Every structure is written in structure tokens, then in C-alpha cells.
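[1] sharing a sequence plus its predicted fold:
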Number of protein chains: 4
Amino acid sequence: MLTVGVIGCGYWGPNLIRNFVNLKNSRVTACADISQERLDHMKQLYPTIETTTNFKEIIDDPEIDAVVIATPVSSHHTIAHVAIEAGKHVFVEKPLADSVEKGTKLVEFAGGRKRILMVGHTFVYTAAVNKIKELIHSGDLGDIYYISSSRVNLGIFQDDINVVWDLAPHDISIMNYILNSRPEAISAIGHSYIRPEIEDVAFITLIYPNSVHANIQVSWLNPNKIRKTTVVGSKKMLVYDDVSSLEKIRIYDKGVTVQPHYDTFGEFQLSYRYGDISIPKLDDAEPLKIECQHFIDCIEKGELPRSSGVHGLEVLLALDAAGRSMKAQGQIVHIEYPDLTVTE
Amino acid sequence: MLTVGVIGCGYWGPNLIRNFVNLKNSRVTACADISQERLDHMKQLYPTIETTTNFKEIIDDPEIDAVVIATPVSSHHTIAHVAIEAGKHVFVEKPLADSVEKGTKLVEFAGGRKRILMVGHTFVYTAAVNKIKELIHSGDLGDIYYISSSRVNLGIFQDDINVVWDLAPHDISIMNYILNSRPEAISAIGHSYIRPEIEDVAFITLIYPNSVHANIQVSWLNPNKIRKTTVVGSKKMLVYDDVSSLEKIRIYDKGVTVQPHYDTFGEFQLSYRYGDISIPKLDDAEPLKIECQHFIDCIEKGELPRSSGVHGLEVLLALDAAGRSMKAQGQIVHIEYPDLTVTE
Amino acid sequence: MLTVGVIGCGYWGPNLIRNFVNLKNSRVTACADISQERLDHMKQLYPTIETTTNFKEIIDDPEIDAVVIATPVSSHHTIAHVAIEAGKHVFVEKPLADSVEKGTKLVEFAGGRKRILMVGHTFVYTAAVNKIKELIHSGDLGDIYYISSSRVNLGIFQDDINVVWDLAPHDISIMNYILNSRPEAISAIGHSYIRPEIEDVAFITLIYPNSVHANIQVSWLNPNKIRKTTVVGSKKMLVYDDVSSLEKIRIYDKGVTVQPHYDTFGEFQLSYRYGDISIPKLDDAEPLKIECQHFIDCIEKGELPRSSGVHGLEVLLALDAAGRSMKAQGQIVHIEYPDLTVTE
Amino acid sequence: MLTVGVIGCGYWGPNLIRNFVNLKNSRVTACADISQERLDHMKQLYPTIETTTNFKEIIDDPEIDAVVIATPVSSHHTIAHVAIEAGKHVFVEKPLADSVEKGTKLVEFAGGRKRILMVGHTFVYTAAVNKIKELIHSGDLGDIYYISSSRVNLGIFQDDINVVWDLAPHDISIMNYILNSRPEAISAIGHSYIRPEIEDVAFITLIYPNSVHANIQVSWLNPNKIRKTTVVGSKKMLVYDDVSSLEKIRIYDKGVTVQPHYDTFGEFQLSYRYGDISIPKLDDAEPLKIECQHFIDCIEKGELPRSSGVHGLEVLLALDAAGRSMKAQGQIVHIEYPDLTVTE
């Protein structure tokens, strides 16, 4: 039984508390927030949990094994750092930090102290994303050509970050995870319609090894809520629609085949294949529950989490590159990944 | 009653013949194709039409007032030029030509000879596109922020042109028309998965005056046929789904409002509006019929067609810029428009 | 501030407790269930609420003003009766009772004791159903011709009641409410595929005054979850899709018009109208909250609830008639309504 | 090469002419209609076809092997009878005749003369319907429980027949064909909203052997065009949506399983299965072409057509029973089938 303290009880924190409370091998003994009102609400829901407006009390509590951080992104680094320093394992909401530099420091620091550092990239714990990863790596889809993703809706405009930092972490985390890879270069074009300098619509192209491309459209200015990812392979194609509750993944037995031998006129002979569509039944367990359980399991077994600090840092590196490309009107930005294999 | 000759009886030519045959003030007296089999088929359908494998016979026929060209794009310039030279009015399928240079020459030549030169950009004759133009220019949508368009499906790969030249002319023509404007600069990223050097997937950003942006996704490698355009304005938003037969346009009374006075903390006060959706009933006349009628009317009245040679040339200029940007990995390319107002 | 006791903490009871706890002018002081496990769970969620396995303790508690009953339908009559006898106001889940006889007795008893008796027909508190009622009674739809409803999905088979008693109460309650009327006669055909004698698929026709017909399809054996109601009027038509979260109501400006003067050949001249579609934005407040508030308000003001005991009894009378018609293979059964206007 | 004459060139006749013209082993030499304008139009489309306003000329033409009848239903019997008498094979549009009596006479007459009599029930030639039949008879769906079908839209009101005779022949023909059976009894309820005595909305229940039920909803008064049939079996379920162009059939691996051994409390133990959905790719050949080819093939080989006269007559018997049930407000009407096995 691991003991968990939660810092940040705003929008997302209560979901984390609920899950860690209900797991068999964890319990929540304390939570912190700067708002007494939020703390009172937590107390009402979970009378046995201690509350405090001073997050240091959670850091200093020797009975607490793990700290869960669901505060605004600008405070992630500071809180996570002192928690690791105090010997705690840390679960921090995505994104890992508000800069590559801070994120790198956190990953190195946690690695040096042999503490688990996990980032709340929930999508890698969903049945749909894992089904897609399985279909890619089993070879069912053939060679992957490209991935195209739309994550758009009306609002909610964030105060401190642009739409890329708000929405694209989901897509980048998903793509890195299902491809088991990371982008070498990025081009991004962003537009700011509502507030100066803060992009609310952006188009991002990620170039992965082996010429696999991924395109992401994110927008706070769209009449419909769309979360749709298309994965195109040489054998099959699939569409992942996260807004659909019952039919999230459609697999199309469709493709274009290049005939191996073609004539001297220099033209390719192509054939098109239009086959069946299948919609697999997916497990409908709550992804957040699986994620919280995974954090506890990794602590107990000393294993690297699926959404490790390095995974979270790779997302930061892509976000940072996208930001630089947007400033340069879409010019390609290459990403250099630090060597962190030793520390983690 | 105008007399029409049609050159090219392949995929699209028969549709043009059928429409010009059925109009009240036009008749088709001759058609040409290099395939005798296609000509025999035309003869079977329209026994009174003369057929020939030599398109010059149509050019030289003094009874023919107008020539309709539905041949491969590489031959557009040559055929249209001799037709204009022979005093014919010319309707040429889109795109106007296979290069900006040839397109410019055609427009100048037709202007100098006072002949009508019209390009077959059919979408500007659809009820849906005209409804969108009306909604934009009536002010119903407010200021236009951006337009986002997807035109994707599986195949059909063209032999001689890439997916941008195949599919994007529709979007560029529509956008120029509904905005009553033309892009100042373009950024495009393309990928070639099936055949080397011929892009089959591309993402294009067009920058119009007043910071209006338009993004176009075109693909020959998508499991679904999608033709969807989203227009986002400051007051309302709309989605135009050309695949839907009965509900092509959905108008969303939704938006984000910036409060005029905001506090000294430098934060904008935003409010969101989520209102009704309306789906206007659109006229379901065949756009091609309207387009053909428009060509005849413009000849009779001596008026500039809606999809004039200049309109077609502006599309070519955008395609050309997109091609140059793709070669430069997405670098922004500015477009310079020739001054053709005198000639047309 | 009214004091509420809740009897039955199974599937639905906790939702009722949650709402009465959160209302400003009510509080829940006690709940009862035969399962100690369910009571422990309630205690965990609401530590201040007293729990008991003996519902009589709630009945006998002089501090409790109102009793909310969410037990299996066979116990509704017994519990509601003693609660009214003890001077409590009563909210009972739908259906009111398991027979017309018991339902009638309850309504008469509550009327005689001047107690509020309300039945949990939640749909009459939804924004969608009230929008439809408004559209009907404003005359926007014209004369109502017929209503057709499908309420089907896979399972959940009930142990003690057939699919008509499980699902049709929703439709009958909605139809009686939006038409402000009640059926004069009913024909129903039912089939039993999985268990003998317990219908799992049924088709019901309700004949309202003025030749308004309503048809209901209910099924526990359908691959899709469908909750769709079509209302056809002489001026407009609408479709209410309760499964859709954002577009529940679509209003079609469509119709068939009979020309007033027609020729002597005895043929009607009809004209069809195909117009716009509109999708009104609906308030998304939780209907159950509105329903609970309404119960408290009716007690405080001494007013008749929208889903009164009489409303609930009229639903029972229709269910009973449907059952008799099913036994007679669809033969029409006329409904006689008792005169309860004095008592309520 | 068989020679075909077509009688009736109104709405459907031209489609039949086009197909018989294009088949390899048939040609159309003559067509008849009472409207000279329609004949002129046919002449324009097919200059080599003789036209006449006197259908007897086609009957009397010794070179004509087969007569295709696409006239109003009231004339089917008369024309078909004289055609058979003259030794022609006969294709008659659905329904076979306007009464059971006339239909029976036609079938007996054609059988006695050894002529092919085929009825234009086109749906039995579609890829979708044949796929469903295959899924049923392969046992993939398990035992069939019931079929439920909706065929509704706005208009077009027919002058001479009600909505049951207009739309239900499609469903009855499909159901008889896929079940390889015919209904023993029918209950139907119809309503007349627009014109007195002519039903424009109806609900029909067909009882097939082995307690298989089928329910059909037909309406000329619905805002949407719906053609949807649900087939529920003990192992799988499917939905056939004929309005969808690419995804007509969805097969659901879903079901309810009754556990073989259950306890003495009289309750069944049920388990639910929620599995994958599959959408088979269907051949997209034109069904009418397959139907016309089948007619020619049956003549050449002397085989009984899939949509034989007997099939058409069985549809008439069901329509007739539905009409009698509607007059009796839904009372069940049993169908007696004549013994025609000898004659055909």
C-alpha cells in the first residue's frame, strides 16, 4: 500500500484523487491547494484526507511515498524538484514543464535520485491508442506512410499558453508512442486571431525517421469538436475518432499497390484495393485509472513508466521546435535529443 | 442560338456535350477526339453531331462560334490558342494551362482578340459556394478569420500531375471566389509515398490580405472521401460538406467575443457563444448546366465570365507558388500578380 | 429547507440523493436500503446521512417532510401508502405502481390526504421535451399528424417486467405531456424471443383524440442504442434524437400541402415543401436536478407537479391497455380514465 | 440474341430500355407509350428503336421474343395476358397486378403456356440483399428472431395506391427472399392524414413460420429518407442501410445468450456479448442490369427467375392481407397460398 499526496485540486486534481483513492494498493492521505474553497470541497468528498494550503507540508510528510502534481504548468518544475529532493516518486500532469531546459533538469534529477518520474499523458493508457500501436507493430497496416490528426473545438482559450502547448501534447505523445519513435524535424504555421501573439490555430508537420510524416491541426476556433487521427499504411488505413463513444477505431482494408514490374514508358502501374471495414470492440475501462495504477505499479516494481519523464521531455522538445518554426513562418526546425539513456 | 464544337470526349467531355446539347440557346454540331471508339460512342448518343479525330476541323469550321476544350492539360494552351486565333470563344477545362507562362499568354491573347475565355472551375457555379459567398459578404459571418479545407480520398493517381495540381485548383478557385480576393503568399509541404517526386499528400497555407489564412489538405491516400471546408468568422462559423447530398452547409451561431474593456493585468476577457445551427435548403440544379449556360450568356452579352481566364490564371499562380514552396520544404513564397486588367 | 428521506439506494437512488443534497432548499437526513453494503457506500459518500435497513424508520421520523422511493416497482404501492399515511409528501420512481388498481389507490389516497405525490418521469423535465411541447403548442408545427418513436438497444433484460413496462413509460409520458392529451385506445404486438412469456420486442400504436396517432417501437434486442422520436405536423416536422449530445432536436421546414381547390376528377392537388433545417441550442442543465427542485417547489407552494400521480397513473393505464392488446394479438383496447379531478 | 419490346416509357421504362439495349444477348427493337412526347424522347436517345402509341403492335410483332411492361399497375394484367397469349416471355414491373385474383390468373396462365413471367422486384438482385441472405443461410447470424424495416420519406404521394402498395412490396419481397419463406399471417395499422381513405403511414407485422416476425414501417410523411432494415439473430445482428452508398451493411457481433442451466428460482441467466462490427465491401454493379440479364438468361435456359411470378404473387397476397388487416384496425389476417407448384 503506497501513500499518495496530491498537490493541486483544481480541474484535474480531483480526478486523480478519486482514482488513487479507489486503487487497491494506494491511498491518499493529504492534498494541497492555494484555494481553501477547493480544499473544503475535497474534505467534503473525502473526510479522511488532510488538506493544506502549503504544499511543502506534503513534501515534508515522511509517510508519503509519492506526490501527484496537478498545478499550473509554470510551477511543475519547482514542485517536482523539491518532491524528488525529498525522496518522493513524482507523477506530474502534462506537459512536464514549461521549457525544455526545466524538463531536462527534472528528468536528469529524477534519474540521478532513482525516483520514478511519470508524466500524465493519459492517451497512451487508452484502449484505442494501444490498439493502434498493436496494429502498426504487428505489421497489419504495412509500412506507415503518414499520420494526420485534427484536434479542434471552440475554446477554451488558455491564459498562459497557446493552442499548440494546450492541445498538441496529446497528439505528439500519441504519435511518438504508436510509432515508437520521435520526430527529427518540425515545421509549424500558427495564426493568432483572438489575442495578439498567442496562436489559436496551428498546423504542424512532424518528420519522423524513414520519411514517416505526421500532420497535426489544432484550433480553439472551430464550430465542431473534432478529435480524429488517420493512420495510412501501405496495406491498410485506419481512422481513430476519439469523439465517438462506441466506434473509436475503423480499420479500412484499402490501399494502393505499386506493381513490381512496370514498363519502359516510365509509368507506374498502380492498383487500388477497396475492401471491408472493421470496427474492433475496445475495452472501456477508464484510462485515468489504468494510468494511476501504472504509476503505483512502476514504483513497486522499479520500472520505467510508459509515459516516463523522457517521454514527457520528448514532447516538450517537439513543442519547443514547433514554437520556433512558427516564429520563422514555417521554416523547418531540426530537433536534437539529449542523451538521457544513462540517467533513466 | 450559338454553335459549339467540343474537343476531347474522354471522362468529362461527354458531360459538357450533354449540357450544351440541352441548353435552349446553344447547339453542338461537332466533336473531336483522338480515339475513334470515343467518337463512335458520342455518335451513338447524339447521331446528329459530326465527329472527327482532327481537332483542326472544328477550329476551321466557320459555323462554329465557340470551342469547348476538355483535353489533357498539357494541350490546353495549344488548342485554345489556335481557337482564339480563329476567332472562337473558348471554354477550357481547369486548370487553364500547365504553366503560369502559358496561362498568361492565353489570357493576354484572348483579351487582345476580345474573345471570351472561360475556365471550367465548376464549383463557383454551385449553390453551396454561392451561398457561402453571400454569407461572407452580407456580413453574417463577421470578419473572416480563416478557412480550412480537406479534399482527400483514395486515388485516383494522375499520371502527369501531382495531387496539388489535381485537387487543390478546386479549393483555390472556391477561396478566391468567396473571399473575392487572392493569396499574397503560400507555404506548402508535400510528401510522395507511392511514386518518387510526385506528391500524393500535401498541406498548403494561403495567406490572403488582412491576415485571412486558408489551409488546404489534399491527399490521394486517405480511406475516406472527404470534401469539407470550414469558414470561421468573428460572428458565425460554417462547415461546407460537399459529400453530403442534402445538408451541404451548416451555419453555427457560435463564436468567441473579446470584451472591449479589460483589466490592467493584461488578460483578455473572452466570452463564448453557443447558439443554434441552421442548414439552409439549397437549389439542386446541376452546376455544370449553370456553368455552360453562363458561358453562352457571357458570349451573347459580351460579359466577363465568373470563372474568367484571369480567375483561372490566378489559380495557376497559386499552384505554381505552392509547387515552389514544396520544393523548399515549406518556405513561404510570395505571389506577384501580372496586371491584366487592361486586356480583359 | 425541507427534509428528505430516501428509500432505495440501488441503481437510481444515489442520483436522487446527490441532487436533493445539492439543492438549496432541501437536505437529506436519512436513507434506507435492504443491503448494508449499499448503505455503507452511501455513508462513505455522505457521512452526515443516517442509514437504516428498516425503511419504517424513515416513515416514522417526524423531522422528515418528504420521502423519495427508488425501490423495485412491486414495493412502490406499499411504501408510498404508509408514507402518505404518515403525512409525508412522496416522490416515487416510475412507474408509479405495478398495476392500475394500486396506482389508482395511491393517487386517491394522496389526494384525500392533500399530500404531493410525484412520479419520476424525468423526460418531462428535459430541455428537449419542453422545446418540443413549446413548438407544438405555439402552432409552429401546425396540426400534429403523428408521432413515431424508437427506444431500442441490446439489453438490459429486466427480471420482473417486459420491455413495454421497462421502456415504453418514457415514450408514453413524453407523448401525453407534449400533446397535453392521453390516448383513447391502444394496439400492441409483442414478441418473446429470449424468455417465454416476457416480451422483449414490441410495437405499440396509441390513438389520441383528433386522430393523432403515436407509434412506439421498444426492444431489448437491437444492435444499436436508438432513442429517436419523429413528430410530424402539417406545417413542420421534427426529429428528437436523445442519443445525440449536441443536436437533440432537428426541425424540418418541410411538408405536404393540399391545395384548397381541386378539379372534378377527384384528385387532390398536393405540393411539397422542402426548406431549411434548424437545430436549436438547448439548455444543458441536468434534468434530474430540475425534477428534484420541482418536487421541493411543489411541496412549498402546494402545487400539482408536472409529473403528478395522475400523470403517472395515465401512463399505467396505457401500459395496462398495451399488455391486454398484446395478449389479444394486437386487437385494439379502449382506455377508460377514472375521474380523479376532484381528489388531486 | 433475344429481341425485346418495351411497353411504358414513363419514369421507369427508360431505365429498362437502357439496360436491355446494353446487354450483350438482347436488343430492343420497339417501345410503346400513350404519350407521343415520351416516344419522341426515346427516339432521340435510341434512333434505331421503333415507337408506337399502340402497344398491340409490340404484342403482334413476331420478331419480338420478350415483352417488358412498365405501365401503371392497373394495366399489368391485361397487357401481360395478351403478351403471354401471343407467346411472349414477360417481364412486368412490380407489383405483379393490382389484385390477388389477377395476379393468380397471370401466374397460372404463364405456367400453362410455359412462358417466363418475371416481376421487377429489383432488390433481390442487389449485392446487399444477397449478402444478407448468405449470412442468414450460412448460419452466421444464428436463428433469426426478427426483422424490422423502415421505408419512409416525404412523398411522393401516388394517385391510385396507398403507401403500403407503393413502398411495402420492396420489404416483403426482400424478406420473403432472404428468409426463403413467406408470412403466415399479417397485422397492419394504417393512417390517412393527407387524403381520406388512402393510407400514407402504416405499420405492418408479418408472422413467418418458426415465430420469426418482421415489422415494416412505411410512410410518405417523414422529414428524412430512411431505408433501414435490422435483422436480429441469436448469434449476430445486422443493419442494412440502403441510403448509405458505401456502408450498406453493418454486421454486429453482439447478442444475448441464455445460459443452458438455470436455477430453480425460475430466472434465466443471460449474458450479453458486445463484439466487433464489420462492414463488408459489396459489389457495386447496377442491380437493374443484373435483373435484366437474369431475365434474358432465364428465357435462354428455361429457368425459373429469382423474382418469378410466384414470388410476385406472394407479395400481392401479403399486400392484400395487410389491406384487410388495416380495415379491421390491426386484426390478424391469415394468408392462404394457392398451390401453384405444378404450373410453374
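    Structure received. Numbering: from 1, shown residues only, chains lettered A, B, ... in the order given.
[2] only C-alpha atoms for contact and neighbour calcs from this point on.
    Noted.
[3] check which helix or strand covers the residue nearest to residue A:272 when sequence neighbours are not counted.
    Nearest non-adjacent residue to residue A:272, counting by CA to CA, 6 or more residues apart in numbering or on different chains: residue A:256, 4.6 Å away. Taking DSSP states H and E as the criterion, residue A:256 maps to strand A:249-258.
[4] partner strands of that strand and their direction?
    Sheet partners assigned to strand A:249-258 using DSSP bridges are listed as strand A:237-241 (antiparallel), strand A:270-279 (antiparallel).
[5] out of the ones you listed, which gets the lowest mean score?
    Sorting the strands paired with strand A:249-258 by mean pLDDT places strand A:270-279 lowest, at a mean of 93.
[6] show residues contacting stretch A:9-28.
    Here stretch A:9-28 makes contact (CA atoms under 8 Å, 6 or more residues apart in numbering or on different chains) with A:1-7, A:31-33, A:38-39, A:42, A:49, A:69-71, A:288-289, A:292-293, A:296.
[7] could you list the buried residues of the strand holding residue A:256?
    Across strand A:249-258, burial judged by 16 or more other CA atoms under 10 Å in any protein chain shown covers A:249, A:250, A:251, A:252, A:253, A:254, A:255, A:256.
[8] again, but for stretch A:132-149
    Buried residues in stretch A:132-149 (16+ other CA under 10 Å): A:132-133, A:135-136, A:141-149.
[9] just flag the most distant two among the residues you listed.
    Farthest-apart pair in those is A:142 and A:149; separation 19.4 Å (CA to CA).
[10] for chain A, which residues are neighbours of chain D?
    Counting by CA under 8 Å from any CA of the partner chain, the positions of chain A adjacent to chain D are A:274, A:275, A:276, A:277, A:278, A:279, A:280, A:281.
[11] for PyMOL, what selects the buried ones among the residues you listed?
    Restricted to buried positions by 16+ other CA under 10 Å, the PyMOL selection for these reads:
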select buried, chain A and resi 277+278+279+280+281
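[12] pick the one among the residues of chain A next to chain D closest to chain B.
    residue A:274 (9.0 Å; CA to the nearest CA).
[13] can you pull up the bridge partners for that closest one?
    Beta bridges link residue A:274 to residue A:254, judged by DSSP bridges.
[14] distance check, it against residue C:287.
    Applying CA to CA, to the nearest Å, the value for residue A:274 to residue C:287 is 46 Å.
[15] do I have it right that residue A:156 meets residue A:220?
    Yes: the pair residue A:156 / residue A:220 is scored as a contact, 6.6 Å apart, by CA atoms under 8 Å.
[16] what about these two, which has more around it?
    Per other CA atoms under 10 Å in any protein chain shown, whichever of residue A:156 and residue A:220 has more neighbours is residue A:220, with 25 against 15.
[17] for the more buried one, give me its contacts.
    A:152, A:153, A:154, A:155, A:156, A:157, A:163, A:200, A:201.
[18] only whichever of those residues are buried, select them in ChimeraX.
    Buried members of the contacts of residue A:220, defined by 16+ other CA under 10 Å, are picked up in ChimeraX with:
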select /A:152,153,154,155,157,163,200,201
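[19] so can I have a markdown table of the contacts of residue A:220 showing distance to chain B and secondary structure?
    Shown next, in a markdown table, are the contacts of residue A:220 (distance: CA to the nearest CA, whole Å; DSSP: H, G, I helix; E, B strand; the rest coil):
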| residue | distance to chain B | secondary structure |
| --- | --- | --- |
| A:152 | 12 | strand |
| A:153 | 11 | strand |
| A:154 | 7 | strand |
| A:155 | 8 | coil |
| A:156 | 9 | coil |
| A:157 | 8 | coil |
| A:163 | 15 | helix |
| A:200 | 11 | coil |
| A:201 | 9 | strand |
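[20] let me have the contacts of residue A:220 in JSON lines, extended by distance to residue B:195.
    Formatted as JSON lines, the contacts of residue A:220 follow (distance: CA to CA, whole Å):
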{"residue": "A:152", "distance to residue B:195": "32"}
{"residue": "A:153", "distance to residue B:195": "35"}
{"residue": "A:154", "distance to residue B:195": "38"}
{"residue": "A:155", "distance to residue B:195": "40"}
{"residue": "A:156", "distance to residue B:195": "42"}
{"residue": "A:157", "distance to residue B:195": "42"}
{"residue": "A:163", "distance to residue B:195": "35"}
{"residue": "A:200", "distance to residue B:195": "35"}
{"residue": "A:201", "distance to residue B:195": "32"}
